[in-house]
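A.B. asks: Provide a 3D model corresponding to the input given below.
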Amino acid sequence: MKLLDILPSGAKLIGDGNVEITNLTFKSSEARGGSLYFCIKGESFDGHDFAEIVSSQGASAIVVERVQKVNIPQILVKDTRRSLSEICANFYNHPERKLKFIGVTGTNGKTTTTFILRHILKEAGYKVGVIGTQGTFINGRSYKSSLTTPDPTELYSILSKMCDMGVDYVVMEASAHAISLKKLDGIIFDVGIITNITQDHLDFFNTMKQYESTKISFLNSKHIKTAVVNIDDARIRQNFNKIDVPVLSYGLNNPADVFAMDVEKSLEKSRFVVNAFDNVFNVECPLVGEFNVYNILGAIAACFSLGIGEKTIVKALKKVKAPLGRFSVIKLSENITVIIDFAHTPDGMENVLKTIKGVYFEKLVCVFGCGGNRDTGKRSIMGRIAEEYSNFVVITSDNPRFEDPGKILDDIEAGMKKNSHVKIVDRREAIKYALGLVSGGGVVAILGKGGETYQDINGVKTPYNDFEEIEKIL
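C.D. replies: Numbers count the residues shown, from 1 in each chain. Sure thing, here's the model as predicted:
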């Protein structure tokens, strides 16, 4: 495709617009013949500093915010990050205009909510694509993707493939980072769901106020047509006046358009009565826990707004399977159960442990750690919560990244007051130790990694999976 054909609005072209562009990248190491390289300023590096390097590597053109001293064409724009999405859309012939979108944002519950929506939409006869933490799924087939919300260069390639495969609806997670970094600019979601706003990612956003504002900024006409909100979340209620599109609400404790009654607690399934816009019906679903009741209600509200009826919704919910590592229940014996969950925030951890304690009154052992080079403020909070709900806690490594694992464990321990815990850096050994504690019966909750297949240690992603470790130990 010629450079002239993908120019963003308001851009100034410097040089020959007839050069052929065959790929788009903002990574200097990937720039080669046919590449259009985006000079994007990040936290640590400025892409403009690599302009001469990518030119020498054979890049065909660059996108800049200030003119560079190179002998290849340049597209001069005000904001290279914002232009990235627009140029990607042009390059892939605007797949976003041919698809319908449902976006899910929030601290917790995004992945599960997207999976629930996929089941309901499939039951309604639609072809569905899902993009999120566990990868990309197109009509039931899975593909790897790099981030919860992929960068535009990858995202638009995925959307183009979805168009080619006849997808009707794209259900995707909208991470706070993606919103802040303008990855979703240019896509208008038919429905935008927000699940909750609790502490996370303060290493990037610095303050809860900034993180909260970023999440809420997704709920406006720049991004969505209709908002579906958890009315029970205090931070969401406080920001109602910033939402400039029609709002549908769901919840358990406040008046809402969609709400649940008579919720039955169990580790096997959830049963409750739903009132959705004055339509009352019974729901039975394999997903358990109050937090999953919220995820189900959010999906129901979104589907009602799209014209999907209660019979289809009820039928689909009976068959929903939770994403791997989202409250996955493994029965090791009659009296020993392991629950693996992705919970990696204070709120997520409390939801999981509270659910277990609500239906199980014997011994509960919690195994968890916290990620390195991430929000350090939540570590002691999670230590306190784990201690509050568990009979015993095994503190271990998650993804230490470039931090000292022992230091992370010390930070977690700082929030704990009792002596009913132990620190074991090696996650495999920690799980073995925890299982030994319940040999006479009990529940082991292994939290933080869920379905992840690696541990990030000093920049190296070493193969690792909680499910596989349980199998090996057995």
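
A.B. asks: drop to CA atoms for contacts and neighbour counts, all remaining ones
C.D. replies: OK.

A.B. asks: and the helices in the stretch 151-300 of the chain, which stretches?
C.D. replies: All helices of the stretch 151-300 of the chain, identified by DSSP state H, counting those that start in this stretch, fall at 152-164, 176-180, 202-205, 208-217, 234-238, 290-305.

A.B. asks: turn the ones you listed into a markdown table, including distance to Ala386 and mean pLDDT.
C.D. replies: As requested, the helices of the stretch 151-300 of the chain are arranged in a markdown table below (distance: least, CA to CA, whole Å; pLDDT from 0 to 100):
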| stretch | distance to Ala386 | mean pLDDT |
| --- | --- | --- |
| helix 152-164 | 37 | 97 |
| helix 176-180 | 26 | 92 |
| helix 202-205 | 21 | 72 |
| helix 208-217 | 22 | 92 |
| helix 234-238 | 23 | 95 |
| helix 290-305 | 17 | 97 |
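
A.B. asks: hey, which of those is tucked in deepest?
C.D. replies: Of these, the one with the most neighbours on average (mean count of other CA atoms under 10 Å) is helix 290-305, at a mean of 23.

A.B. asks: and the lowest-mean-pLDDT helix or strand in the chain, how far out from the chain's middle?
C.D. replies: Here the helix or strand of the chain ranked lowest by mean pLDDT, DSSP states H and E is helix 202-205, holding a mean of 72. Centre-to-centre, helix 202-205 and its host chain are 16 Å apart (CA atoms, centre = their mean, to the nearest Å).

A.B. asks: stretch 311-326 now?
C.D. replies: Worked out by CA atoms, centre = their mean, stretch 311-326 lies 19 Å from the chain centre.

A.B. asks: next one: stretch 17-35
C.D. replies: 29 Å.

A.B. asks: low-scoring stretches of the stretch 101-250 of the chain, by residue?
C.D. replies: 202 (pLDDT under 70).

A.B. asks: what about Ile308, how many neighbours?
C.D. replies: By other CA atoms under 10 Å, 17 other residues sit near Ile308.

A.B. asks: start at 34 instead
C.D. replies: Happy to do that; since the first residue is 34 now, the last one works out to Ile341.

A.B. asks: element containing Ser413?
C.D. replies: According to DSSP states H and E, Ser413 maps onto helix 411-422.

A.B. asks: mind giving me the domain split of the chain?
C.D. replies: Following automatic domain parsing, one finds the domains of the chain at 36-113, 128-350, 361-506.

A.B. asks: coming back round to it: need the next SSE after the helix holding Ser413, C-terminal direction.
C.D. replies: Toward the C-terminus, helix 411-422 is succeeded by strand 425-428 as the next helix or strand (DSSP H and E).

A.B. asks: and for that next one, what's in contact with it?
C.D. replies: By CA atoms under 8 Å, 6 or more residues apart in numbering, the residues outside strand 425-428 that reach it are 397-402, 419-420, 442, 445-446, 453-458, 463, 467.

A.B. asks: avg pLDDT for that strand?
C.D. replies: Average pLDDT, strand 425-428: 98.

A.B. asks: what sits up against the following helix or strand past that strand?
C.D. replies: Downstream of strand 425-428, the next assigned helix or strand under DSSP H and E is helix 438-446. Residues from elsewhere that reach helix 438-446, judged by CA under 8 Å, 6+ apart: 402-403, 405, 409, 412-416, 428-430, 433, 456, 458.

A.B. asks: buried set for helix 438-446?
C.D. replies: 438, 441-442, 444-446 (16 or more other CA atoms under 10 Å).

A.B. asks: Lys465 belongs to a helix, doesn't it?
C.D. replies: Yes: counting by DSSP: H, G, I helix; E, B strand; the rest coil, Lys465 is found in a helix.
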